[in-house]
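> Task: produce atomic coordinates for the following.
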Amino acid sequence: MRYVVDISQEQSEKINSLITAGKYQTVAQFISTSLENQIYIEQTETVHKSETINVKKKFHDKGGHYEEDVEIYLPSILDSSPKLVEAPSFSQLVCSLQKVSQEKCWLWGQVNKVFPIKLGLRVLLASLKDDQWIELEAYREKAADVALAYGNKIRKHEDSQFKKRDERISAGLPHGSNDEKEKWIDVGSKARYKSHFLAYMRRDGKLEGAMPFLRFVNLKKDEKNTILIGLTEAGLSFARLDNPVIDNNDFENGFSEKETDFYLNHILKYVNGESGAIKWLLTVISKGINDRGSINKALKSEMSTAWENSSDAVINTQRAGLMARMSELGLLEKEKNGVNVKYGMSKYGKNFMGRK
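Model (predicted):
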């Protein structure tokens with residue numbers, strides 16, 4: 001079916017610049033990817049349209065100085081000793097890639113970083129204190145506010161350093177502005193953070209979001225039909241590990257080596273769809289299939305049967321999300337030649353290939 005869509009000159013120029021940068025091959029691919037992403041958002045959760053709203057809340061950082069429009073101070077996790085919950089089984093989860101086996105089910109491609117998940121876990125740990133369960137929606141709102149504040153603070157540093165998108169720790173965190181003349185929040189980015197990176201329960205009781213998918217949290221309904229969230233043993237352990245950004249204001253490194261090792265060992269043991277995806281891509285790259293286009297072709301050949309109705313846009317989204325997460329974890333190296341980028345396996349990636 002053909003549709004004719006009018007776009008502004010400014011939008012056209014921005015799309016063409018993305019194509020020139022090699023992020024998309026054609027305008028049609030850009031539009032198809034955008035449609036696939038928006039359809040997924042609409043089908044997984046009813047959210048407000050992306051818009052800007054005024055922020056009226058004012059808080060202070062832990063030094064007592066005015067810094068952000070939302071609170072970024074997290075209560076001491078040393079005061080939190082929550083009772084743990086069992087990890088969800090695979091049968092409780094929704095796989096965004098149709099009804100496939102656990103080994104073929106990856107994180108959804110729009111989950112392009114792991115740091116936003118870590119931040120959400122830290123907020124949950126601080127919020128639980130000694131409880132086992134807390135109300136999901138109140139937690140999601142608080143976590144999104146904290147993520148917005150961190151996103152603004154990190155982006156300020158990244159902008160000053162002229163960081164490129166794939167180098168930015170802030171990717172995946174909600175957007176906003178604290179400019180004195182214009183304070184706003186991108187409601188759409190906040191909603192995406194809550195649904196993709198945190199957690200959500202569908203009407204049929206199935207769980208979505210990166211946190212339950214990674215077995216870091218579980219959800220349930222109480223006697224009043226209120227949805228609750230709790231931490232698993234793995235979620236607690238990962239949340240408690242010191243993080244360069246959260247604990248040391250180091251905006252150059254999203255994770256410590258200890259955090260990266262914990263995360264990779266965890267998915268190897270408990271999330272074999274995600275660990276299998278990483279090993280598959282490292283294997284493909286080691287064979288010389290090392291640019292985005294050829295990796296997309298290999299991925300489509302490998303997964304098009306398992307992922308029912310997987311369009312080129314879905315394949316591209318899945319490939320891009322996986323590679324972004326792997327780059328964040330230090331598993332990939334890249335070599336740029338103009339607009340072309342070739343990827344290689346880092347020493348850490350080779351180390352991961354040897355793990356079982």
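> count of neighbours near the nearest residue to A324 once chain neighbours are set aside?
Closest residue to A324 apart from its sequence neighbours, by CB to CB, 6 or more residues apart in numbering: N112 at 4.0 Å. Using the backbone N, CA and C atoms, a C-beta is placed for each residue, glycine as well. Burial of N112 is recorded as 23 neighbouring residues (other CB atoms under 10 Å).
> for D261, same thing?
Each residue near D261 was counted by other CB under 10 Å, and the total is 17.
> now swap in R355 and tell me
Residues within reach of R355, counting by other CB under 10 Å, total 12.
> repeat for N337
N337 is surrounded by 7 other residues when neighbours are defined as other CB under 10 Å.
> Please report how far it lies from N290.
In this view, N337 and N290 are 12 Å apart by CB to CB, to the nearest Å.
> Am I right that the residue nearest to A324 is in contact with G321?
Yes: counting by CB atoms under 8 Å, N112 sits close enough to G321 to count as a contact (4.9 Å).
> tell me how far stretch 291-306 is from the chain's mean position?
Mean-position distance between stretch 291-306 and its chain equals 22 Å (CA atoms, centre = their mean, to the nearest Å).
> May I have that stretch as PDB, with CA atoms only?
Provided in PDB are the C-alpha atoms of stretch 291-306 (Å, rounded to 0.1, in the frame of the first residue of the first chain):
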ATOM      1  CA  ASP A 291      29.600  -3.900   8.400                       C
ATOM      2  CA  ARG A 292      26.000  -3.000   9.200                       C
ATOM      3  CA  GLY A 293      24.500  -4.000   5.800                       C
ATOM      4  CA  SER A 294      26.200  -7.500   5.700                       C
ATOM      5  CA  ILE A 295      25.300  -8.100   9.300                       C
ATOM      6  CA  ASN A 296      21.700  -7.300   8.600                       C
ATOM      7  CA  LYS A 297      21.700  -9.800   5.700                       C
ATOM      8  CA  ALA A 298      23.200 -12.500   7.900                       C
ATOM      9  CA  LEU A 299      20.700 -11.800  10.700                       C
ATOM     10  CA  LYS A 300      17.800 -12.000   8.300                       C
ATOM     11  CA  SER A 301      19.000 -15.200   6.900                       C
ATOM     12  CA  GLU A 302      19.500 -16.600  10.400                       C
ATOM     13  CA  MET A 303      16.300 -15.400  12.100                       C
ATOM     14  CA  SER A 304      13.700 -14.500   9.500                       C
ATOM     15  CA  THR A 305      12.000 -17.900  10.000                       C
ATOM     16  CA  ALA A 306      12.000 -17.800  13.800                       C
END
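> mind listing the helices in this structure by residue range?
9-20, 27-44, 115-128, 136-160, 187-192, 210-213, 233-240, 244-248, 257-270, 272-286, 292-303, 312-328, 347-353 (DSSP state H).
> shaky segments in the protein?
Scanning the chain with the threshold set as pLDDT under 70 gives 1-10, 13-14, 17-78, 98, 177-186, 309.
> Kindly recompute the last result at 80.
Low-confidence regions of the chain, defined here as pLDDT under 80, cover residues 1-79, 96-100, 165-166, 176-187, 304-310, 337-339.
> Distance of the spatially most central residue of it relative to R215?
Centroid check for the chain by CA atoms, centre = their mean gives V111 as the closest residue, at 3.1 Å. With the distance defined as CB to CB, V111 ends up 15 Å from R215.
> With P174 instead?
Look at P174 and R215: by CB to CB, they are 24 Å apart.
> wait, what's in contact with I117?
111, 197-198, 210-211, 214, 216 (CB atoms under 8 Å, 6 or more residues apart in numbering).
> about what we covered before: show me which of P174 and R215 is the more surrounded one.
A count of neighbours by other CB under 10 Å puts P174 above the other of P174 and R215, at 27 against 22.
> so what's that one up against?
Shown in contact with P174 (CB under 8 Å, 6+ apart): 144, 147-148, 151, 185-186, 189-190, 192-193.
> one more time with 6 Å
Shown here is P174, whose contacts under the criterion CB atoms under 6 Å, 6 or more residues apart in numbering are 147-148, 151, 189-190, 193.
> Can you list phi and psi of it for me?
Main-chain dihedrals, P174, degrees, to the nearest 10: phi -60, psi 160.
> how's the protein carved up into domains?
Following automatic domain parsing, one gets these domains for the chain: 1-44, 45-353.
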